[in-house]
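1. Following is a predicted model, sequence given first.
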Amino acid sequence: MFHLPYSGRRHVERIANAPALEFEGIVASYPGATTLALRGVSFALPAGVRAALVGPNGSGKSTLLKLVAGLLRPQSGTIRIHGQPVGACHHRVAYLPQRGEVDWRFPVTVERMVLAGRYVHLGWLRQPSRADRQRVHDVLAQLGLAELAPRQISQLSGGQQQRALLARALVQEAELLLLDEPLSAVDAASRAIIAAVLDALCHQGKTALVATHHLDRLDEEYDHIFALEDGAVESRGTGEQVNKRETAIEAMV
Ligand code: ADP
């Protein structure tokens, strides 16, 4: 359940001035599937931006994030993270899966689940230090989860589960965050907390790529929008540009 993206502990320096993320002609498919999940996706994401990945169900958003997280491999094409190949530095990328992909019945406390995010720095043999526990404590407080730390994860509400997943990604102190539907089934309070955290991350120069169905506040919450459809990027730009283009296309048909 607490699968971490990379199993090695190598650390490779980022290449100065390279985009946070680059896709070049990414083609991906699942075993036994008759259609491609991604049909040649190319785009780049500068460092320090918040980008939304939008598109209907099945358009390839999760697949794209999983490729960057190193959980799937592309059939062809290249992905670079700060100029380096996927897996070159597992510390650099934190992945927040969809809430439904986690087994919330697993008998573990919120604190222990979030601490798992520190293991990319520890390896599996070293015990977490006082500083690791302090980091977990700080992030739980930032996300309004401090009082829930000793609770079993099965006792969390949907919004609390999303915040716990975000906490686990944050304690990793990655430079690139990949968030798969972090706002699905969250209450207004959780949504506001998550938006504030993303804002703070980008002010620290970190980059976030967020797959989302929530289209109502794209302009305010994201610097770049990439719209996927049937495994290809259909439009890109700022929220305002993408909305204008979509409206213009709708008016033409
Ligand atoms: P989205 O996140 O936009 O809903 P996905 O990346 O989950 O899209 O899916 C892209 C395509 O890949 C869809 O056609 C979907 O049916 C297919 N797909 C996704 N996961 C699997 C899987 N585990 N096995 C087979 N096909 C899959």
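-> Noted; the coordinates are in hand. Residues are numbered from 1 along each chain as shown.
2. max-length helix in this protein?
-> helix 188-203 (DSSP state H).
3. What residues sit buried inside that helix?
-> In terms of neighbour count (16 or more other CB atoms under 10 Å), helix 188-203 has its buried residues at Ser190, Arg191, Ile193, Ile194, Ala195, Val197, Leu198, Leu201, Cys202. No exception for glycine: its C-beta is placed from N, CA and C like everyone else's.
4. Same question for stretch 212-224.
-> Within stretch 212-224, the residues that count as buried by 16+ other CB under 10 Å are Thr212, His214, Leu218, Glu221, Tyr222, Asp223, His224.
5. show me the contacts for Val110.
-> By CB atoms under 8 Å, 6 or more residues apart in numbering, the residues touching Val110 are Leu140, Leu145, Leu148, Ala149, Pro150, Arg151, Gln152, Ile153, Leu156, Ala164.
6. if we go to 7 Å?
-> Listed by CB atoms under 7 Å, 6 or more residues apart in numbering, the contact partners of Val110 are Leu145, Leu148, Ala149, Arg151, Ile153, Leu156, Ala164.
7. What distance do you get for the second one to the ligand?
-> The reference is to Leu148. Using CB to the nearest ligand atom, to the nearest Å, one gets 28 Å for the distance from Leu148 to the ligand.
8. Which of the helices or strands spans Ala131?
-> Taking DSSP states H and E as the definition, Ala131 sits inside helix 130-142.
9. Skip the chain neighbours and tell me the closest residue to Leu148.
-> Residue nearest to Leu148 in three dimensions, not counting chain neighbours: Val110, with 5.1 Å by CB to CB, 6 or more residues apart in numbering.
10. Looking at the one you found now. What's its pLDDT?
-> On pLDDT, Val110 comes in at 97.
11. What segments of the stretch 151-253 of the chain are helices?
-> 158-171, 188-203, 218-221, 239-252 (DSSP state H, counting those that start in this stretch).
12. The longest one packs against which elements?
-> Spelled out, that is helix 188-203. helix 158-171, strand 207-211 (3 or more CB pairs under 7 Å, 6 or more residues apart in numbering; DSSP states H and E).
13. Let me see the residues that make contact with stretch 213-221.
-> For stretch 213-221, the external contacting residues (CB under 7 Å, 6+ apart) are Arg50, Ala52, Val54, Glu181, Leu183, Ser184, Ala195, Ile225, Gly239, Glu240.
14. doesn't Ala227 make contact with the second one?
-> It stands for Ala52. No - under the criterion of CB atoms under 7 Å, Ala52 is not in contact with Ala227, lying 8.9 Å apart.
15. More neighbours: which of these two?
-> Neighbour comparison, Ala52 and Ala227: the larger count goes to Ala52, with 25 against 22 (by other CB atoms under 10 Å).
16. In contact with that one, which residues are there?
-> By CB under 7 Å, 6+ apart, the contact set of Ala52 is Val210, Thr212, Leu218, Tyr222, Ile225.
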